[in-house]
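Chemist: only the shape, not the letters, is given here:
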């Protein structure tokens, strides 16, 4: 029970695993589905977004299948430990959530449309869990890379909150914060559901439509 409580409580920075100055592993850097680079630098006409919506295996697939997305990668964001491992993140002692780095072409898809995918494909009212996946690494999060993204993300949260209330859901617990370091996950996690087509995916939305992502420039 004590271990369970620790996994569902955000660790303090002073109690987090220290980590390391360099990653203990390397990744190929090439997207197994899109055949594009997963690592920066990216072309100047592209933008990046970072989302956490539960287990990153299914979350990444959602975005690589979205038209206008150039590349995706899974990793760890929003925590304290430098260059953590998967096992460390799952301990609840790094502060990270499982996250997806999304590289997109704003001429083909808007940030609002990516947010619609984010909101509709998970339940953002569950705190430190998604369904049966329990722990701080499964918390809902949006890490913004520009001031404009921060404004749009907050507005989308408020709009979706109103729709959720109409359907009997509670308060959105999604963390919205400026993006810090994004630490790439181990190679076997990258595009996992392409490599293991029948692998685990615990994502489940609320069935409530999000009233954003329908403006000028949205294509999906």
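Modeler: Okay, I see it. The shown structure was predicted, so the numbers you read here are calculated from the model rather than taken from an experiment.

Chemist: residue 155 looks like it's in a helix, true?
Modeler: Yes. Residue 155: assigned to a helix according to DSSP: H, G, I helix; E, B strand; the rest coil.

Chemist: how near is it to residue 211?
Modeler: As defined by CB to CB, to the nearest Å, residue 155 lies at a distance of 11 Å from residue 211. The C-beta positions use only the backbone N, C-alpha and C, and glycine is treated the same way.

Chemist: next: residue 74.
Modeler: Distance from residue 74 to residue 211, by CB to CB: 28 Å.

Chemist: swap in residue 121?
Modeler: Shown here: residue 121 relative to residue 211, a distance of 16 Å by CB to CB.

Chemist: look at the two and report which has more neighbours.
Modeler: A side-by-side neighbour count of residue 121 and residue 211, using other CB atoms under 10 Å, places residue 121 first with 19 against 13.

Chemist: got phi/psi on the residue found closest to residue 101 once you drop the neighbours it is linked to in the chain?
Modeler: Spatial nearest neighbour of residue 101, excluding adjacent residues (CB to CB, 6 or more residues apart in numbering): residue 73 at 4.6 Å. Backbone torsions of residue 73, given as degrees, to the nearest 10, read phi -160, psi 150.

Chemist: count of neighbours near residue 73?
Modeler: Neighbours of residue 73 under the rule other CB under 10 Å: 25.

Chemist: moving C-terminal of the lowest-mean-pLDDT helix or strand in the chain, what's the next helix or strand?
Modeler: Ranked by mean pLDDT, DSSP states H and E, the weakest helix or strand in the chain is helix 2-7, scoring a mean of 54. With elements assigned by DSSP states H and E, the helix or strand that comes after helix 2-7 is strand 47-53.

Chemist: which neighbours does that following strand have in its sheet, and in what orientation?
Modeler: Sheet pairing of strand 47-53 (DSSP bridges) gives strand 97-104 (antiparallel), strand 140-144 (antiparallel).

Chemist: okay, these in a markdown table with mean neighbour count and distance to residue 111 next?
Modeler: Converted to a markdown table, the strands paired with strand 47-53 look like this (neighbours: other CB atoms under 10 Å; distance: least, CB to CB, whole Å):
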| stretch | mean neighbour count | distance to residue 111 |
| --- | --- | --- |
| strand 97-104 | 26 | 8 |
| strand 140-144 | 24 | 9 |
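
Chemist: could you dump those into JSON lines and include mean pLDDT and distance to residue 112?
Modeler: Shown next, in JSON lines, are the strands paired with strand 47-53 (pLDDT from 0 to 100; distance: least, CB to CB, whole Å):
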{"stretch": "strand 97-104", "mean pLDDT": "98", "distance to residue 112": "12"}
{"stretch": "strand 140-144", "mean pLDDT": "98", "distance to residue 112": "12"}
